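Chemist: Okay, predicted coordinates and the sequence, questions at the end:
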Amino acid sequence: MGYARPIFTAVLAGALIFGQAAVAQQDVRVAAVAEFIDGNVRPWLGDPAILNAFIAQNAAHAGLDQAEIDALDAHWRGELSRADRPVIEALLSNPLSLYLKGRQRAAEGVITEIFVMDNRGLNVGQSDITSDYWQGDEAKWLESFGGRALHVEEPERDESTQLMQSQASLPIRDPATGAVIGAITVGVDLDAL
């Protein structure tokens, strides 16, 4: 019985130290992602290629209700498993998507993906295919479109590429009014930082 208390104390102390180390490592990763985003992504968020695409799609989607958004998302998901994918191919080849692909290439492997979402959470442009068209129910859109300066998700190892990556999302603002008009999500390869 006399040994139980010191062993418990040692185990508890070890757990606290390990927990603090894990939190510190997480904080370092978040800080590295935030620094990369600030220096390498924020500078081009006001580019007319991005802003004009948002303005056009926000106007086009202004009248959509949730049932219509769900139908668009279901159609997108259905196309993922088909060879004929006109909606997906149209989005991947639009001028904004081509611009984003160029930005991804210019990052020389640090950026794993980029996609931008309108004021409804629907994709406007993307560098690669996403698993769904509507992001409006996910933290990446909810946090960033809600005005949070930067939302960095927990790092994950991508199953197909084996890259340790994190997604960083931030709002896109109308430069004239400051109003949030959409959001961007950037996948960052943590091993490349």
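Modeler: Noted; the coordinates are in hand.
Chemist: Quick check: residue 103 vs residue 45, distance?
Modeler: 11 Å (CB to CB, to the nearest Å). Glycine gets a C-beta too; all of them are placed from N, C-alpha and C.
Chemist: Please enumerate the helices of the protein.
Modeler: Assigned by DSSP state H, the helices in the chain fall at 4-40, 48-60, 66-80, 86-92, 95-106, 139-145.
Chemist: shouldn't residue 44 be in contact with residue 102?
Modeler: No. The criterion here is CB atoms under 8 Å, and residue 44 misses it with residue 102 at 10.3 Å.
Chemist: and residue 72, how many neighbours does it have?
Modeler: By other CB atoms under 10 Å, 19 other residues sit near residue 72.
Chemist: Next: residue 96.
Modeler: For residue 96, using other CB under 10 Å, the count is 24.
Chemist: deepest of the helices of the chain, which one?
Modeler: Of all these, helix 139-145 has the most neighbours on average by mean count of other CB atoms under 10 Å, namely a mean of 20.
Chemist: Only alpha carbons, please: show it as PDB.
Modeler: Extracted C-alpha coordinates of helix 139-145, given in PDB (Å, rounded to 0.1, in the frame of the first residue of the first chain):
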ATOM      1  CA  ALA A 139     -15.400  23.500 -39.200                       C
ATOM      2  CA  LYS A 140     -13.100  24.800 -42.000                       C
ATOM      3  CA  TRP A 141     -16.000  26.900 -43.400                       C
ATOM      4  CA  LEU A 142     -17.900  27.600 -40.300                       C
ATOM      5  CA  GLU A 143     -14.900  29.000 -38.400                       C
ATOM      6  CA  SER A 144     -13.400  30.900 -41.200                       C
ATOM      7  CA  PHE A 145     -16.600  32.300 -42.800                       C
END
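Chemist: any idea how far it is from the chain center?
Modeler: Helix 139-145 sits 9 Å away from the centroid of its parent chain (CA atoms, centre = their mean, to the nearest Å).
Chemist: wouldn't residue 41 be in contact with residue 185 here?
Modeler: No. Look at residue 41 against residue 185 with CB under 8 Å: they stay out of range, at 10.4 Å.
Chemist: And the two? Which one has more around it.
Modeler: residue 185 (23 against 19).
Chemist: Might one say that that one is in contact with residue 166?
Modeler: No. Between residue 185 and residue 166 there is no contact under CB under 8 Å: 10.6 Å.
Chemist: which stretches of this structure aren't confidently modelled?
Modeler: Applying pLDDT under 70 to the chain flags the ranges 1-26, 159-161.
Chemist: again, 50 this time
Modeler: Applying pLDDT under 50 to the chain flags residues 1, 3-4, 7-23.
Chemist: re earlier: okay, and the common contacts of residue 41 and residue 185?
Modeler: Residues within reach of residue 41 and of residue 185 at once, by CB atoms under 8 Å, 6 or more residues apart in numbering, are residue 168.
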